[in-house]
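Participant: quick one: sequence plus predicted model below, questions after.
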Amino acid sequence: MTETDRQFTPQNGYTVLIVDDNPVQTAVRQAILRRAGYFVLAALNPVRALEMVDDKRLPAQISAVITDHVMPGMNGSKFVRELRKARPHLPVFVVSGLEEAEDEYAGLNAHFLLKPLPPDLLLSSLRNLLEAAEGDAA
């Protein structure tokens with residue numbers, strides 16, 4: 001393992017991909033998750049996020065995805081549909097201010113959270129999602 005590899009090793013073993021076209025929202029969530037020990041990757045658009053999901057050049061495999069719903073070009077539900085083709089069991093949760101958008105995720109195995117999303121709810125929701133995924137894999 002090189003020094004660069006050690007630098008990118010997540011403290012708690014989890015790598016989270018944030019998908020959001022709002023750079024401020026992305027930066028805030030990144031900071032919260034990094035302080036909690038997660039290795040965090042970010043994509044400001046869903047197309048780039050899909051490229052990243054199975055990119056073998058990344059320093060760690062993605063453990064979970066947090067995505068926004070409203071994004072230009074491809075909304076969150078279309079992104080999750082595309083993601084499910086490559087990674088049907090990857091833990092995903094969607095963050096949106098549109099309560100009615102939750103229906104678009106029916107059958108996609110994605111958890112839906114409403115904005116505003118306080119840091120403690122972000123962290124507990126992610127922890128619960130990852131623990132459930134580990135339980136399903138066991």
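Facilitator: Received, thanks. Residues are numbered from 1 along each chain as shown.
Participant: and the residue nearest the centre of the chain?
Facilitator: Nearest to the mean C-alpha position of the chain, by Cα atoms, centre = their mean, lies residue 65 at 1.8 Å.
Participant: bridged to it, which residues?
Facilitator: residue 17, residue 92 (DSSP bridges).
Participant: contact partners for it?
Facilitator: By Cβ atoms under 8 Å, 6 or more residues apart in numbering, residue 65 lies in contact with 16, 17, 18, 19, 49, 53, 83, 90, 91, 92, 93. In this view, the C-beta of every residue, glycine as well, is placed from N, C-alpha and C.
Participant: next one: residue 28
Facilitator: Counting by Cβ under 8 Å, 6+ apart, residue 28 makes contact with nothing.
Participant: how much space between it and residue 113?
Facilitator: Applying Cβ to Cβ, to the nearest Å, the value for residue 28 to residue 113 is 15 Å.
Participant: repeat for residue 136
Facilitator: Going from residue 136 to residue 113 by Cβ to Cβ gives 20 Å.
Participant: neighbour count: these two, which is higher?
Facilitator: More crowded of residue 136 and residue 113, by other Cβ atoms under 10 Å: residue 113, with 16 against 9.
Participant: centre of the chain to whichever helix or strand that one is part of, how far?
Facilitator: For residue 113, the host element (DSSP states H and E) is strand 111-114. For strand 111-114, the separation from the chain centroid amounts to 12 Å (computed by Cα atoms, centre = their mean, to the nearest Å).
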